[in-house]
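1. build me a model from this:
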Amino acid sequence: MAKRNYGKVKRSKNLYKKKKSGFRKVIETAITAVLVVGLSFVGYTIAKTILEYEPSENNNNDVSVDVLPIETVDINNENPGEPEDDGSGTPNHEPSASTPEYSGNAIYAPSTVLESSASLSAFLESARSSGFEAVVIELKNSDGRLLYNSEIPVLQGADIIAGTLTAEQIVAACTSAGLKPVARINTLMDQLAPRLIGSVSYRFADGNYAWMDGRPEAGGKQWANPFLDGTKAYIAELTEELFNAGFADVVFVNTIFPNFHPVDINNHLTGNPETDFTTRFTALVSLVNNAAEKVPGANIMLEMSLSDIVNPNEPEPMRTAEILRGVNDLNIQTVIITFTRDDTEAVTTGDGSAPLELPGRIVDMFTKAQTFTNELEIIPLLADSGLSEIDREVIISAFYEMGLENYMLRN
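-> Residues are numbered from 1 along each chain as shown. Below you'll find the model as predicted:
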């Protein structure tokens, strides 16, 4: 069969370095079906998640609340997680555990996977036997809790640390299973760090009160502010700790601003730089670039939504993709673009007539996304457990046809 010509979608730089054979591609497509049975059984029959708290998904409560901040410490003065010096005067940023290079595909682990060594090992074995070559593990969730046992001094004794396994133990388990470990951390969606670490939270104009996105009883919470040095230092410290443990790849997710209320924009937030859509993306770029500069060996990848990229709600920000307004200044190489069945079903032909077939819809959306991502490598992330096995195979085949040989799956 002749190979389809899907236009100018940029070919993957092959993040994991090893080229696949055509036979390998066919096998990987076939074993994707195993995901539904194998990984769902292991991932979702593990004991309940270590975190009891369910964060509110509504960031648009109509009332903000003045809340006095509790005592905080300044992470810049603590110098936590300082990399060891190898005697040359240059910090040693090499991973502490070897990370074999793999090509191709990755699977996102469920939130329960780090409950114990046994649950992690069970999931990794299932992922390996299903043909996956890398595993993405969330190590900082949207509450702000660390799902591993961090050694950053300023965090010791705080309820931010919820995990028992160290980052090194997680890496060792992954590499022993023959899988490349990839860390995933929520950056700015964080209600815990603002309570502990100085110079992280949004403040009202008088400087004495922390801003929240709603009443506490309605799920209101604080957020980390990318304009502040404390926030940048914290994210860089986490990235460095994970890299030194052996996570060569670190995914940044929820690198976004909260949905500010009109009353906040007009009356409370000092100077309103956080609400100026024409310039505020520079703070997001600075946050990411600061981490990249502090940990030059790490491959930082930004995770964002396909619909936020190609369907921006102007003049409102692009939400998860707002940082792409400063794409030319980003010092990273890769974006992970998440999409679901709903994203593709909205696509029609150019004249608005009958919907395109599924492969055509995938190509159309990712071709549009490339106009915003510039020279960044694109890794598609299929995040829809409702797709049929046949549709999954069609989508993965379309990835390969476009040259996107690195792809990810999340149920």
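
2. show me what stretch 277-286 is in contact with.
-> 226-227, 232, 255-257, 273-274, 315-317, 322-323, 325-326, 329-330 (Cβ atoms under 8 Å, 6 or more residues apart in numbering). (C-beta placed from N, C-alpha, C; glycine too.)

3. which PyMOL command selects the buried ones in the residues you listed?
-> To isolate the buried ones among the contacts of stretch 277-286 in PyMOL, judged by 16 or more other Cβ atoms under 10 Å, type:
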select buried, resi 226+227+232+255+256+257+274+317+322+323+325+326+330
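
4. cross the contacts of stretch 277-286 against strands and list the overlap.
-> In strands, judged by DSSP state E, none of those are found.

5. and Asn311, what is it in contact with?
-> Going by Cβ under 8 Å, 6+ apart, Asn311 touches no other residue.

6. I meant to write Thr164 there.
-> Residues in contact with Thr164, defined by Cβ under 8 Å, 6+ apart, are Ser116, Asn149.

7. Provide the secondary structure category for it.
-> Secondary structure, DSSP: H, G, I helix; E, B strand; the rest coil: Thr164 is coil.

8. cool, Glu151 as well?
-> Glu151 ends up coil, using three-state DSSP.

9. for it, grab the count of nearby residues.
-> Neighbourhood size, Glu151 [other Cβ atoms under 10 Å]: 16.

10. and the one 10 residues further on, by the same measure?
-> Here the neighbour count serves as a burial measure; for Ile161 (other Cβ under 10 Å) it reads 18.

11. which residues does Tyr407 bridge with?
-> Counting by DSSP bridges, Tyr407 forms beta bridges with Asn105.

12. other SSEs contacting the helix or strand where Ile235 lies?
-> Ile235 is part of helix 229-245, with elements assigned from DSSP states H and E. Judged by 3 or more Cβ pairs under 8 Å, 6 or more residues apart in numbering; DSSP states H and E, helix 229-245 is in contact with helix 75-78, helix 167-176, strand 180-186, strand 249-253, helix 281-294.

13. now that helix - C-alpha only, PDB.
-> Extracted in PDB, the C-alpha atoms of helix 229-245 (Å, rounded to 0.1, in the frame of the first residue of the first chain):
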ATOM      1  CA  ASP A 229      11.400  34.000  42.600                       C
ATOM      2  CA  GLY A 230      10.300  31.500  45.300                       C
ATOM      3  CA  THR A 231       8.000  29.700  42.800                       C
ATOM      4  CA  LYS A 232      10.800  29.500  40.200                       C
ATOM      5  CA  ALA A 233      13.300  28.200  42.800                       C
ATOM      6  CA  TYR A 234      10.900  25.600  44.100                       C
ATOM      7  CA  ILE A 235      10.200  24.100  40.600                       C
ATOM      8  CA  ALA A 236      13.900  24.200  39.800                       C
ATOM      9  CA  GLU A 237      14.700  22.400  43.000                       C
ATOM     10  CA  LEU A 238      12.200  19.600  42.300                       C
ATOM     11  CA  THR A 239      13.400  19.200  38.700                       C
ATOM     12  CA  GLU A 240      17.000  19.000  39.900                       C
ATOM     13  CA  GLU A 241      16.200  16.400  42.600                       C
ATOM     14  CA  LEU A 242      14.400  14.200  40.100                       C
ATOM     15  CA  PHE A 243      17.100  14.500  37.500                       C
ATOM     16  CA  ASN A 244      19.800  13.600  39.900                       C
ATOM     17  CA  ALA A 245      17.800  10.600  40.900                       C
END
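
14. where in this structure is pLDDT low?
-> For the chain, applying pLDDT under 70 flags the ranges 1-104, 205-208, 265-272, 312-317, 344-356, 385.

15. quick one, strands of it?
-> Assigned by DSSP E, the strands in the chain fall at 105-108, 134-140, 180-186, 249-253, 299-305, 334-339, 377-382, 407-409.
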